[in-house]
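Undergrad: Quick one, structure for this:
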Amino acid sequence: MHLLLPVGIVALGAASLIGSAGMGARQTFGLFVEPLSITTGISITTIALAIAIHNLVWGIAQPFTGAAADRYGPGLVVAAGAGFLFVGLGLAAIATSSAVLILGIGVFFGIGISCTSFGVVTTAIGKLALPEYRSSAMGLASAGGSLGQVMLVPVAQNVLYGWGPAAAFFSLALLALLVAPLGYFLVARQDGGTDPTIESGITTRAAVTQALGHDGFWLLTFGFFTCGFQLAFVVTHLPTYLNLCGMAPSAGALALALIGLFNMAGSWGCGWLGGRHRQRTVLAILYTLRGAVIIAFFLAPKSQASIIAFSAAMGLMWLGTVPLTTGIVARVFGVQHLGTLFGICFLSHQIGSFAGSWLGGVVLQATGSYGPIWIATAAAGFFAAALHLGIRDDPVAAPLHPA
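TA: Model (predicted):
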């Protein structure tokens with residue numbers, strides 16, 4: 001409980017529900033790939049492209065929505081994001097053409113989730129928390145957001161196979177709209193303060209220039225590409241891959257739900273470790289373990305036991321990168337422009353997500369197998385681990401906030 005008090009239980013609860021709506025809906029997209037192709041005639045490659053575009057749009061929008069939250073607060077940004085999520089999922093529900101599907105999932109949903117996920121919600125918690133609790137608090141917020149994956153994946157699967165893709169998308173759209181007012185609970189602290197931003201007098205432009213001139217920021221940004229690549233490939237293509245391996249359709253839903261369940265412990269655990277050890281070291285270990293788990297699962301015979309083991313292991317490392325990466329940005333550059341700077345770093349993550357979602361479909365169509373992309377996904381983890389070990393993570397000489 002002592003970890004909650006410096007942030008506020010209400011703020012953490014609101015952050016968890018907001019993250020659950022957007023991230024939970026996003027984690028269900030892999031369940032829709034084959035059913036949506038069957039009911040609409042849209043190819044699997046095009047559906048994978050729409051999912052990939054939402055990752056790219058999310059990344060492009062994140063620096064701007066993060067900057068808006070830095071300047072105006074998260075309340076208005078989250079409310080607008082809930083509206084975008086509702087429209088995006090609604091368009092996906094009625095889509096009968098590639099253009100409408102891409103507009104809904106790719107564009108509107110991408111903008112909406114940039115307003116309701118890490119770059120706005122987690123950074124708001126980071127600003128509210130005292131420095132010694134920041135990493136753990138952001139880990140708790142990320143863990144709470146996984147509740148949506150645990151709950152929405154089985155709900156979406158039941159509605160999907162009971163009433164079809166349109167009903168499932170509409171259900172997710174209504175749930176997303178319910179979180180619209182919750183962003184206003186992210187601006188009040190236990191001490192009664194309403195503005196957690198520590199003013200330093202430095203402009204957003206100067207802060208961005210400072211970050212772009214720091215080699216550690218670039219290494220962190222390049223490493224974050226791997227996280228996006230790995231997660232997007234798994235969440236988009238794991239259900240289809242398991243179907244190709246002869247597993248029951250429920251195996252994909254079970255895997256995604258288990259990833260969300262174990263991510264609740266993993267996100268908090270990684271945040272807790274980041275508060276006690278160098279965050280760059282924890283990240284390097286995390287990426288190394290991810291690579292090892294991915295290659296082991298690919299080579300192992302597919303069974304319920306191997307699916308459960310893989311899902312549990314990946315879940316423990318799933319979003320643990322977020323509090324650690326955000327924590328490094330806050331440690332080096334301060335918190336005043338945290339949303340903006342994390343948003344720039346997160347753009348690389350989403351370029352990786354675009355590549356992971358899209359290339360999975362391309363490789364499957366070209367070769368009839370996911371084998372090459374599984375190997376590339378594992379290798380990327382080892383490369384990212386090496387990058388993170390070289391990060392200079394000492395606070396900058398002219399910090400963006402007073403000690």
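Undergrad: Skip the chain neighbours and tell me the closest residue to residue 89.
TA: Nearest residue to residue 89, sequence neighbours excluded (CB to CB, 6 or more residues apart in numbering): residue 173, at 3.7 Å. Any C-beta I mention is one placed from the backbone N, CA and C, and that applies to glycine too.
Undergrad: What is the burial count for that neighbour?
TA: Residues lying near residue 173 (other CB atoms under 10 Å) number 21.
Undergrad: how about it, secondary structure?
TA: Of the three states, residue 173 takes helix according to DSSP: H, G, I helix; E, B strand; the rest coil.
Undergrad: Kindly provide the distance from it to residue 324.
TA: 32 Å (CB to CB, to the nearest Å).
Undergrad: repeat for residue 65
TA: Distance of residue 65 to residue 324, computed by CB to CB: 21 Å.
Undergrad: Also residue 313?
TA: To residue 324, residue 313 is 18 Å away according to CB to CB.
Undergrad: who has more neighbours, those two?
TA: Between residue 313 and residue 324, residue 324 has the larger neighbour count (other CB under 10 Å), namely 28 against 21.
Undergrad: who touches the more buried one in this structure?
TA: Neighbouring residues of residue 324 by CB atoms under 8 Å, 6 or more residues apart in numbering: 135, 270-271, 274, 279, 282-283, 286.
Undergrad: if we go to 7 Å?
TA: 270, 274, 279, 282-283 (CB atoms under 7 Å, 6 or more residues apart in numbering).
Undergrad: and it, what are its phi and psi?
TA: Main-chain torsions, residue 324, degrees, to the nearest 10: phi -70, psi -50.
Undergrad: buried sites along the helix or strand hosting residue 69?
TA: Using DSSP states H and E, residue 69 sits in helix 44-72. For helix 44-72, the neighbour count (16 or more other CB atoms under 10 Å) marks 44, 46-70 as buried.
Undergrad: could I have the helix or strand bottoming out on mean pLDDT in the chain exported to PDB, CA atoms only?
TA: Lowest on mean pLDDT, DSSP states H and E among the helices and strands of the chain sits helix 134-145, with a mean of 72. Output of helix 134-145 as PDB, limited to C-alpha atoms (Å, rounded to 0.1, in the frame of the first residue of the first chain):
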ATOM      1  CA  ARG A 134       8.100   6.600  -9.900                       C
ATOM      2  CA  SER A 135       9.200   3.400 -11.500                       C
ATOM      3  CA  SER A 136       7.000   1.200  -9.200                       C
ATOM      4  CA  ALA A 137       4.000   3.500  -9.700                       C
ATOM      5  CA  MET A 138       4.300   3.400 -13.500                       C
ATOM      6  CA  GLY A 139       4.600  -0.300 -13.300                       C
ATOM      7  CA  LEU A 140       1.400  -0.500 -11.300                       C
ATOM      8  CA  ALA A 141      -0.400   1.600 -13.800                       C
ATOM      9  CA  SER A 142       0.800  -0.600 -16.700                       C
ATOM     10  CA  ALA A 143      -0.200  -3.700 -14.800                       C
ATOM     11  CA  GLY A 144      -3.600  -2.400 -14.100                       C
ATOM     12  CA  GLY A 145      -4.100  -1.700 -17.800                       C
END
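Undergrad: all helices of the stretch 151-300 of the chain, in order?
TA: 165-177, 204-212, 215-244, 250-274, 279-299 (DSSP state H, counting those that start in this stretch).
Undergrad: Work out the gap between the least confident helix or strand of the chain and the centre of the chain.
TA: Its chain's C-alpha centre and that of helix 134-145 lie 13 Å apart, by CA atoms, centre = their mean, to the nearest Å.
Undergrad: what's that helix packed up against?
TA: Secondary-structure packing of helix 134-145 (3 or more CB pairs under 7 Å, 6 or more residues apart in numbering; DSSP states H and E): helix 9-27, helix 123-128, helix 250-274, helix 321-333.
Undergrad: Summarise which helices and strands the second one is packed against.
TA: Counting by 3+ CB pairs under 7 Å, 6+ apart, the packing neighbours recorded for helix 123-128 are helix 9-27, helix 134-145, helix 321-333, helix 338-367.
Undergrad: ok, back up a step: looking at the helices of the stretch 151-300 of the chain, spot the one closest to residue 394.
TA: helix 215-244 (8.6 Å; CB to CB).
Undergrad: If we go by neighbour counts, what in that closest one is buried?
TA: 216-242.
Undergrad: And for stretch 161-176?
TA: Quick answer for stretch 161-176 (16+ other CB under 10 Å): 165-166, 168-173, 175-176.
Undergrad: Put the alpha carbons of it into PDB.
TA: Extracted in PDB, the C-alpha atoms of stretch 161-176 (Å, rounded to 0.1, in the frame of the first residue of the first chain):
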ATOM      1  CA  TYR A 161     -18.100 -16.600 -32.300                       C
ATOM      2  CA  GLY A 162     -21.600 -16.100 -31.100                       C
ATOM      3  CA  TRP A 163     -22.800 -13.000 -33.100                       C
ATOM      4  CA  GLY A 164     -19.900 -12.200 -35.500                       C
ATOM      5  CA  PRO A 165     -17.200  -9.600 -35.900                       C
ATOM      6  CA  ALA A 166     -19.600  -6.600 -36.100                       C
ATOM      7  CA  ALA A 167     -21.200  -7.300 -32.800                       C
ATOM      8  CA  ALA A 168     -17.800  -7.800 -31.100                       C
ATOM      9  CA  PHE A 169     -16.400  -4.500 -32.500                       C
ATOM     10  CA  PHE A 170     -19.500  -2.600 -31.400                       C
ATOM     11  CA  SER A 171     -19.200  -4.100 -27.900                       C
ATOM     12  CA  LEU A 172     -15.600  -2.900 -27.700                       C
ATOM     13  CA  ALA A 173     -16.600   0.500 -29.000                       C
ATOM     14  CA  LEU A 174     -19.200   1.000 -26.200                       C
ATOM     15  CA  LEU A 175     -16.700   0.000 -23.500                       C
ATOM     16  CA  ALA A 176     -14.100   2.400 -24.900                       C
END
